[in-house]
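Engineer: The following block contains a protein sequence and its predicted model.
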Amino acid sequence: MIEIRWHGRGGQGAVTSVELLALAAIEEGKFAQGFPAFGPERRGAPVLAFNRVNDKQIMVRSGIYTPDVVVVLDSSLVKLVNVTEGLKPDGILIVNTTHSPQEIREQLKYPGKIFTVDATHIAREELGTPITNTTMLGALIKATKVIKLDSLKGPLEHRFGKIAQKNIKACKRAFEELKNGTPR
Amino acid sequence: MAKRIGMEVAIAAAEAVALCNIDVAAVYPITPQSHIAEHLAEIVADGRIDAEFITVESEHSSISACCGASGAGARAYTATSSQGLMYMHEVLPIVSAMRLPVVMGLANRAVSGPLNIWNDHTDIMPQRDSGWIAFFAENGQEVVDMSIQSFKIAEHPDVMLPIVLNIDGFQLTHMVEALEMPDQKEVNRFLPDYVPYATLHPDRPVSMGTAAMPEIFTEVLKAKDEALINSKKTIIKIWKEWKELFGREYNPVEKYKTEGAETLIMTMGSMGETASLAIDELRAEGVPAGLIKLRLWRPFPFEELKEAVKGAKRLIVTDRAISFGGPGGPVASEVRSAFYNEKDRPIISNFVIGMGGRDVTVANFKDIIQKAIKMKKQDLDKYVLYGVRE
Amino acid sequence: MKQKKWPEKWHEINPGCMVFEPGSAHAYKTGSWRAQKPIWDNAKCIKCGVCYLYCPEGCIAEDEKGFYSADMDYCKGCGICAHECWPGAIEMKEEGEG
């Protein structure tokens, strides 16, 4: 079973990300959970959202404290929040940033795999807005292979209708442009 | 054919209710029930079902509107949480006294004060005596299934009682997970149209919501209690029907690895799933532990509980509510009372957990079971408020 | 007051305590509750019907001539008709008096 924690700011669509991932995994015949850290945060406040994906039925319903993967939607959160808290030392960190994986490693001293992508840039170009939730899904899939990239198509089309194609494109670009950092 | 889909459980609850072709929904939004209210309103506004969605000004009004609508022969539904349910409180015993089959989805949330929007059972426990049938759902599939079952059970001529389906707030309502949504044909086969015992219609005059003098009140209450007690056999019968049609089994008390279990832990609601993993780990370590899950809360399943616990030395009752200044957890006090006169009764301990949304992990459940096994006799009377910082 | 017949045992009670006999309140004669009764002075009565409209018991009725009186089987003597009668045609008199 893989456990994923997402860091975002309220209004950036972290909850949508976890929902889309869960739906795509379920369509593949897997079992999945997608849920926010429920709270009264308003737009802009740092928020957390979570996924579990498994081949068998998921029985655990408590929170996720030691995720295998952490995704950071907003680069400004890296300084603000301890994004690697609880992240398994042999896990995966994926950050939306203009910095390189090596620079992130020096900043956070995280020993596991680090991937970066300038999702804000991709989102601005493809979607005309700096909302990176769907873009980062592409990054997540490339880094973890948790689901097939194609499985996102259905949920994206269902959720975004007319602008689904743009989101699919942003997703694919992050998938292709993801930078891989060599772990120590 | 039922479809396997991913869906947020609150949305799934609204979809399940819509499959039941309700006539009236009177719902006032409150976190964490709000997605049920919003999605049901959307369904009605889109014309997917022919129903009246009454945007009432409060929960007191929503339950009152359902009461009136049900009396007029409508299949009525409402949903709420916490303070909303508290606001409905004075009407709840009236709906059951009037034998009206209103169905309610309750997104369990802590009761104020102080203000807390997260999950526990302090909202449903004060309604124990209201005369409503009460079920607890453990996952999204059960929320869907039991929402649909509730209409058939409530409206059955041998029942005619309102039902509250307990759905852990946030833990279930806001969780996107895999479930099978029955299709309309399957639901139509299972759920017939509502045929009320009586309706408020000028052609056949009837008074509902009458007054009763001291000379008759005792008999009236006896009739009400008998109705609730007798409803159990119909509940079980309809659960059997569900199994035949959909393949999923529902029992008043669910058992998990209870064979040969020396120690049993009892849960209600979604925590049961997390607890089952603790049992798996303990069993692998050679600890003979098992889990029982109370699905039917009212009418209280005395026989099924005793049968499930037979042979066990120890029963740990987990509560998610406290009766302040009293015996601790309400579920434990009822369980103790159920076993009081039994010759062979287990050692019963009470752990109060998960209050106001505090997380309970697999490790916590293992710890609780191990602590309970070591508990001394003189400590059994007091409830353990698990994890309290003191 | 006519004695109400209770269903004797608990299982004889209608589910939900529903009452199927319409207008059964008719059998409950509340006239004995009265301490005062309304007396109409038809010389002053202008036949406006205000007393009939205001009676909370609904026991005031119009006769063939258009004047009003209360049904003594039900009148509880609340005095609202006398209070509302603006020509002052109704007087509340002690029950004891003739």
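Structural biologist: That came in fine, so what should we check first?

Engineer: What does the pLDDT read for C:G98?
Structural biologist: pLDDT for C:G98: 47.

Engineer: residues touching A:A119, list them.
Structural biologist: A:73, A:96, A:132, A:135-136, A:139, A:170, A:174 (CB atoms under 8 Å, 6 or more residues apart in numbering or on different chains). C-beta coordinates here come from the backbone N, C-alpha and C atoms, glycine included.

Engineer: again but with C:K37, I slipped
Structural biologist: C:70, C:72, C:75, C:77, C:92-93, C:95.

Engineer: one more time with 6 Å
Structural biologist: C:77, C:95 (CB atoms under 6 Å, 6 or more residues apart in numbering or on different chains).

Engineer: Look at it and report its pLDDT.
Structural biologist: So, for C:K37, pLDDT stands at 93.

Engineer: Can you say which helix or strand has it in it?
Structural biologist: strand C:36-40 (DSSP states H and E).

Engineer: in the helix or strand B:N188 falls within, what's buried?
Structural biologist: For B:N188, the enclosing helix or strand under DSSP H and E is helix B:184-190. Neighbour-count burial for helix B:184-190, counted by 16 or more other CB atoms under 10 Å in any protein chain shown, picks out B:186-187, B:190.

Engineer: now do stretch B:4-11
Structural biologist: B:6-11.

Engineer: which residues sit in contact with the residue positioned nearest the centre of chain B?
Structural biologist: By CA atoms, centre = their mean, chain B has its centre lying nearest to B:F135, at 2.8 Å. Applying CB under 6 Å, 6+ apart to B:F135 gives the contacts B:146, B:165.

Engineer: who does whichever strand or helix holds it pair up with?
Structural biologist: Using DSSP H and E, B:F135 maps to strand B:133-136. Strand B:133-136 has these partner strands in its sheet, going by DSSP bridges: strand B:163-168 (parallel), strand B:296-298 (antiparallel).

Engineer: related to what we said a few turns ago, just the ones in strands from the contacts of A:A119, please.
Structural biologist: Judged by DSSP state E, the contacts of A:A119 include A:N96 as members of strands.

Engineer: center of chain A - which residue?
Structural biologist: Within chain A, and using CA atoms, centre = their mean, the residue nearest to the centre is A:V71, at 4.1 Å.

Engineer: Verify the stated contact: that residue with A:L93.
Structural biologist: No: contact criterion CB atoms under 6 Å: A:V71 and A:L93 do not qualify, at 8.3 Å.

Engineer: Can you tell me the element the nearest residue to B:E249 once chain neighbours are set aside falls in?
Structural biologist: Leaving aside its sequence neighbours, B:E249 sits nearest to B:K243 (CB to CB, 6 or more residues apart in numbering or on different chains; 4.9 Å). B:K243 belongs to helix B:214-246 when elements are defined using DSSP H and E.

Engineer: Name the surrounding residues that touch the following helix or strand past that helix.
Structural biologist: Downstream of helix B:214-246, the first helix or strand assigned by DSSP H and E is strand B:253-256. Taking CB under 6 Å, 6+ apart as the criterion, the residues outside strand B:253-256 that touch it are B:276, B:291-293, B:295, B:301, B:304-305, B:308.

Engineer: quick one, phi/psi of A:T16?
Structural biologist: Phi and psi for A:T16, reported as degrees, to the nearest 10, are phi -60, psi -40.

Engineer: Can you tell me the closest non-neighbouring residue to it?
Structural biologist: According to CB to CB, 6+ apart, the nearest residue to A:T16 is A:N133 (5.3 Å).

Engineer: Same question for A:K172.
Structural biologist: A:G138 (6.0 Å).

Engineer: can you give me the helices in chain A?
Structural biologist: A:14-27, A:77-80, A:101-108, A:119-127, A:133-144, A:153-160, A:164-177 (DSSP state H).

Engineer: now the residue nearest to B:E249: how far from chain A?
Structural biologist: 19 Å (CB to the nearest CB, to the nearest Å).

Engineer: Give me the neighbour count for that residue.
Structural biologist: 13 (other CB atoms under 10 Å in any protein chain shown).

Engineer: Please apply the same query to the one 10 residues further on.
Structural biologist: By other CB under 10 Å, 19 other residues sit near B:V253.

Engineer: Just give the nearest non-adjacent residue to it, would you?
Structural biologist: Of all residues not flanking B:V253 in the chain, B:E304 sits nearest, at 4.3 Å (CB to CB, 6+ apart).

Engineer: tell me which element that neighbour falls in.
Structural biologist: Take DSSP H and E as the rule and B:E304 turns out to sit in helix B:302-309.

Engineer: May I see the buried residues of that helix?
Structural biologist: Applying 16+ other CB under 10 Å to helix B:302-309 flags B:302, B:304-306, B:308-309 as buried.
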